[in-house]
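Trainee: any chance you can model this:
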Amino acid sequence: MTVFAIILLILLGLLLLLIEFAVIPGVTIAGIGGFVLLGISVYIAFAEYGTGIGFLTLTFVLIASPLLIFYFFKSKTGKKMVLDSLIDGKVETVDAQKIQVGDTGKTIGRLAPSGKVKVSGEVVEAQSTGAFIDHNTEIKVLKILTNKIIVEPVNK
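Mentor: Predicted coordinates for the structure are as follows:
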């Protein structure tokens, strides 16, 4: 009966771990329960059958758990659960050839403190130096970053 109990606890523990990783990810009752059941099965093996069978059970549990998870996610069912899309978008960059520090332009919308501006015929993302800049206000480029420019209003 004890061997049956150990095998049943191992199978239930592995099942709960599989449910944890596949169905309800995160640290939940299923994952904790799976680890507890695997631990209890190893404890019973040590207590009832000694160190030889105990270490054999521990080795089996430590090898079977990761292999089960690995082969599950390599299976056809597991591959359906894994996000496999490729993101090929990229951040809009500022063309440093067309826009230079010191160029002037106008705000398209209100910069609070960031928004769109038109400089040298290009519409780009801009950020003010801290103050809000109203719509259709003349601005001056202070700094060019990879994906936006830093601007300030032109004082007339």
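
Trainee: pull out the buried positions in the helix or strand of the chain with the lowest mean pLDDT.
Mentor: Averaged element by element with mean pLDDT, DSSP states H and E, the chain has its least confident helix or strand at helix 76-81 (a mean of 80). Across helix 76-81, burial judged by 16 or more other Cβ atoms under 10 Å covers residue 78. Bear in mind the C-beta positions are built from the backbone N, C-alpha and C, glycine included.

Trainee: do you know the pLDDT at residue 13?
Mentor: For residue 13, the model assigns a pLDDT of 93.

Trainee: if we can go back for a sec, I'd like to know which elements the helix or strand just after the least confident helix or strand of the chain is packed against.
Mentor: Downstream of helix 76-81, the first helix or strand assigned by DSSP states H and E is strand 104-107. The elements that strand 104-107 packs onto, with contact taken as 3 or more Cβ pairs under 8 Å, 6 or more residues apart in numbering; DSSP states H and E, are strand 114-119, strand 138-144.

Trainee: dump the first one to CSV, keeping only the CA atoms.
Mentor: Included here for strand 114-119 are C-alpha records, laid out as CSV according to Å, rounded to 0.1, in the frame of the first residue of the first chain:
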residue,chain,number,x,y,z
SER,A,114,5.1,66.0,-25.1
GLY,A,115,3.3,65.9,-28.4
LYS,A,116,3.7,66.4,-32.2
VAL,A,117,5.6,69.2,-33.9
LYS,A,118,6.3,70.0,-37.5
VAL,A,119,10.0,71.0,-38.1
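
Trainee: spatially central residue for the chain, please.
Mentor: In the chain, the C-alpha nearest the mean C-alpha coordinate belongs to residue 83, at 11.5 Å (Cα atoms, centre = their mean).

Trainee: longest helix of this protein?
Mentor: helix 29-74 (DSSP state H).

Trainee: packing partners for it?
Mentor: Checked by 3+ Cβ pairs under 8 Å, 6+ apart, helix 29-74 has helix 2-22, helix 76-81 packed alongside it.

Trainee: make a markdown table out of those helices and add distance to residue 135.
Mentor: Shown next, in a markdown table, are the helices and strands packed on helix 29-74 (distance: least, Cβ to Cβ, whole Å):
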| stretch | distance to residue 135 |
| --- | --- |
| helix 2-22 | 52 |
| helix 76-81 | 48 |
